[in-house]
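with the sequence up front, the predicted model follows.
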Amino acid sequence: MSAPIFQFKRGLLSNLPGLQAGEPGFTTDSYDFYIGLTSESATNRFFGSHRYWDREDGTNSLGLNLVDKDGSNYIQIKTPNTLAGIVTYTLPPTPIDGYLLQTDGDGTLSWSQSVTGFTAGIATFTNTTDNTLGDSNTGSVQMHGGVGIDKNLTVGGNLNVQGYSEFVGVVTFRGGTINLGDGNTDDINVAGEFISNLVPNTDATYDIGDGGSTKSWRNASFSGIGTFASGAVIDAIQIGISGTNEIDTTSGNLTLDSAAGTVIVDDSFSVSGVSTFTGAIDANGDLDVDGRTELDVTNISDTLNVAGVSTFASAVDINGDLDVDGRTELDVTNISDTLNVAGVSTFASAVDINSSVDISDNLTVTGISTFTGSIDANGGADISGGETTLSSATVSDLTAGRVVLAGTSGELEDSGSLTFSGGGGLTVGAGGINVTGISTFSTDLVVGGDVRINGNDIKSSDGNTNITLTSNTLTTFSGDIKVTGNDIQSSTATSITLSGSDVTVAGDLQVTGNDIKSSTGAVAITLAANDVTIADDLTVNGNLYVNGSTTQVNTAALTVEDRTIDLGIVDGSSPASDTTWDLGVLFNYYTSGAAKKSAVIWEHADSRFKFASVIGSDTNGTDANTPQLTVTTFAPIEVGALWVNDCAGQSQVITCSGTTRKLENIVIDAGTF
């Protein structure tokens with residue numbers, strides 16, 4: 001009997017996979033030996049490599065290699081080539097910072113505080129040579145490297161630092177004068193915060209800034225009162241005046257409180273920060289507000305542009321345009337020109353165009369708008385927001401195509417959810433209604449044009465579907481169909497003629513019931529879709545040809561006189577062209593709460609027989625490519641012995657002698673990686 005060969009899994013170190021628990025692996029380039037632990041590469045356990053030692057060879061002793069991170073360089077530790085006996089070196093258990101390693105006569109190593117010329121304790125220098133201030137190469141101790149000091153440092157004389165100095169913690173300079181810089185070219189940078197007053201030692205002597213226009217401070221912030229000596233400064237406070245009678249805060253905040261008076265702006269007024277106006281404002285020019293604005297009582301004779309969030313708590317009388325890009329809340333409003341709202345707007349009171357809200361041009365709303373009062377849009381309205389709710393809406397120019405709700409001119413289109421709940425009804429012009437969302441009309445609806453339904457159903461008032469629409473066809477009627485004439489016609493001619501209880505069919509006869517009965521009234525044939533069921537015996541005196549895809553025999557026993565069964569015959573003959581189908585015999589059974597199939601199959605793709613305990617898929621068919629059988633679970637095979645006839649010839653590979661089972665003529669190769 002030839003001996004089996006056992007080969008470890010092997011390959012390059014870079015290709016080493018995660019080895020199974022207990023599975024060995026050998027790297028052919030680095031000669032490393034690994035054993036797997038958890039099937040993950042990170043847990044492979046390394047057990048040795050020739051890289052870490054040089055074996056003794058009779059001339060040289062063994063050397064232990066401490067390899068660097070790249071594995072190509074190392075430090076070798078080795079014994080003398082000849083030893084008189086066994087020598088043992090015992091290392092000390094715990095390292096001590098700054099101590100040296102020494103040994104006794106028995107090879108026991110320990111840590112020592114000092115050697116000749118070095119002391120691990122306090123070092124005292126008794127030389128009294130002084131340092132020349134500013135010269136680092138003088139004095140009794142000269143250190144040309146860095147010095148780290150973990151404790152206090154006391155300097156008995158002067159201190160000169162020629163480089164960069166950094167103090168972390170509290171620094172105190174006591175007595176005398178503190179000089180920062182020695183000229184106007186030196187810069188002083190203060191990154192911290194002052195926690196004390198800044199008081200000059202002489203009154204009215206020193207300045208902040210140079211007093212001119214070359215080196216002035218930019219901004220100042222005071223939370224208290226700025227006090228200036230009376231008559232000492234003319235025009236002491238100037239607030240960004242860039243034009244006649246104009247206040248421009250650019251990016252800051254402005255709060256004006258006129259108490260019981262009025263804030264009057266004769267020219268333009270521009271605010272880009274947060275503004276609060278608690279008194280009346282009489283703006284004869286433009287008022288441009290980019291930030292959050294709260295107005296109480298306002299009279300503006302020209303244009304009001306608001307880009308931020310605005311709240312108008314009381315009456316707003318604007319003789320010019322009102323252009324709002326942000327969120328706007330209006331209570332009682334009178335606007336004599338155009339109202340443009342690009343943000344979210346809420347009209348809490350009645351909005352009456354050409355009345356309490358006087359708009360002689362267009363109303364444009366691009367955000368979500370809510371109109372809780374009536375709307376009379378003589379100038380037209382363009383409402384293109386995501387959702388618009390109208391209550392008792394009357395639009396005068398609808399038939400002229402001037403009112404558009406997220407649609408095209410002349411058409412009322414609801415792309416969201418639109419509710420009409422007024423009592424007077426809603427009249428729509430020739431543009432029609434196109435409803436893509438769910439809309440509720442609780443009033444009468446008169447449509448002069450087409451009504452297009454983009455959904456599938458027309459429902460009754462109780463919510464039930466009466467008619468279902470599919471493309472151009474009425475496909476479902478939930479109730480009866482009553483024919484008052486004699487004929488039921490197709491689009492071209494009469495299909496069925498009704499005369500009393502008689503029915504005449506002009507074309508094919510389609511039986512929508514299930515049964516065809518004999519003259520005795522017994523059911524002989526049952527029809528279900530395209531299926532036919534024979535109630536009793538069926539005798540075929542000639543040949544029986546079944547051209548369907550499946551032949552099913554529901555009998556307790558099947559007797560076949562044929563000696564062989566041919567699978568894969570095409571039209572009564574062997575295939576005459578290439579085929580890729582799978583062939584097999586399938587066995588049905590039931591287990592674990594499910595019906596399953598096992599099989600013995602010939603799989604074309606692999607060109608071999610397979611035994612399956614569970615078939616995953618069976619794509620039936622009659623063409624050259626189907627069926628295709630997929631094995632989910634392979635079945636065990638029980639045999640008495642196993643013979644293989646392959647490239648090595650015919651031989652038995654599993655034998656048994658007595659109670660011992662043996663492998664013969666087998667090479668066990670764990671493969672490569």
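The structure has been received and is ready for your questions.

drop to CA atoms for contacts and neighbour counts, all remaining ones
Fine.

can you pull out the helices in the stretch 101-250 of the chain?
Read by DSSP state H, counting those that start in this stretch, the stretch 101-250 of the chain holds no helices at all.

next, count neighbours for residue 663.
16 (other Cα atoms under 10 Å).

next one: it from residue 170, what distance?
85 Å (Cα to Cα, to the nearest Å).

where does the stretch 401-550 of the chain have low pLDDT?
Residue ranges of the stretch 401-550 of the chain with pLDDT under 70: 401-455, 460-463, 466, 470-485, 491, 509-513.

next secondary structure element downstream of the strand of greatest length in the chain?
In the chain, ranked by residue count with DSSP state E as the criterion, the top strand is strand 608-619. Going down the chain from strand 608-619, the next helix or strand is strand 628-634, by DSSP states H and E.

so which bits of that following strand are buried?
628, 629, 630, 631 (16 or more other Cα atoms under 10 Å).

mind giving me the domain ranges of this structure?
5-76, 247-476, 583-638 (automatic domain parsing).

return the member of those having the minimum mean pLDDT.
If those are sorted by mean pLDDT, domain 247-476 sits at the bottom with a mean of 56.

and the closest residue to residue 49 other than its chain neighbours, its phi and psi?
Nearest residue to residue 49 in three dimensions, chain neighbours excluded: residue 32, at 4.5 Å (Cα to Cα, 6 or more residues apart in numbering). Residue 32 adopts backbone torsions of phi -100, psi 150, taken as degrees, to the nearest 10.

for residue 12, see how far away residue 32 is.
10 Å.

before we move on, the earlier item: hmm, the residue nearest to residue 49 is touching residue 44, no?
No. Contact status for residue 32 versus residue 44: not in contact, 11.7 Å apart, counting by Cα atoms under 8 Å.

more crowded one of these two?
A direct count of neighbours by other Cα under 10 Å for residue 32 and residue 44 places residue 44 higher, at 23 against 17.

any idea how far that one is from residue 21?
9 Å.

again with residue 539
Noted for residue 539: a distance of 66 Å to residue 21, by Cα to Cα.

quick one, which of the two is more surrounded?
Of the pair residue 539 and residue 21, residue 21 is the one with more neighbours under other Cα under 10 Å, namely 15 against 6.

re earlier: which residues do residue 44 and residue 21 both contact?
Common contacts of residue 44 and residue 21 (Cα atoms under 8 Å, 6 or more residues apart in numbering): 35, 36, 37, 38.

ok, now how distant is the last one from residue 281?
I take that to be residue 38. 79 Å.

show me which of the two is the more surrounded one.
Neighbours per residue, other Cα under 10 Å: of residue 38 and residue 281, the larger number sits with residue 281, 20 against 16.

my guess is the more buried one contacts residue 318, does it?
No. If you go by Cα under 8 Å, residue 281 and residue 318 don't touch, sitting 11.4 Å apart.

contacting residues around residue 41?
So residue 41 contacts 16, 17, 18, 19 (Cα under 8 Å, 6+ apart).

what does residue 625 give?
Contacts of residue 625 (Cα under 8 Å, 6+ apart): 579, 580, 581.

tabulate those (TSV), appending neighbour count, secondary structure and pLDDT.
Shown next, in TSV, are these (neighbours: other Cα atoms under 10 Å; DSSP: H, G, I helix; E, B strand; the rest coil; pLDDT from 0 to 100):
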residue	neighbour count	secondary structure	pLDDT
579	13	coil	90
580	14	coil	91
581	21	coil	91
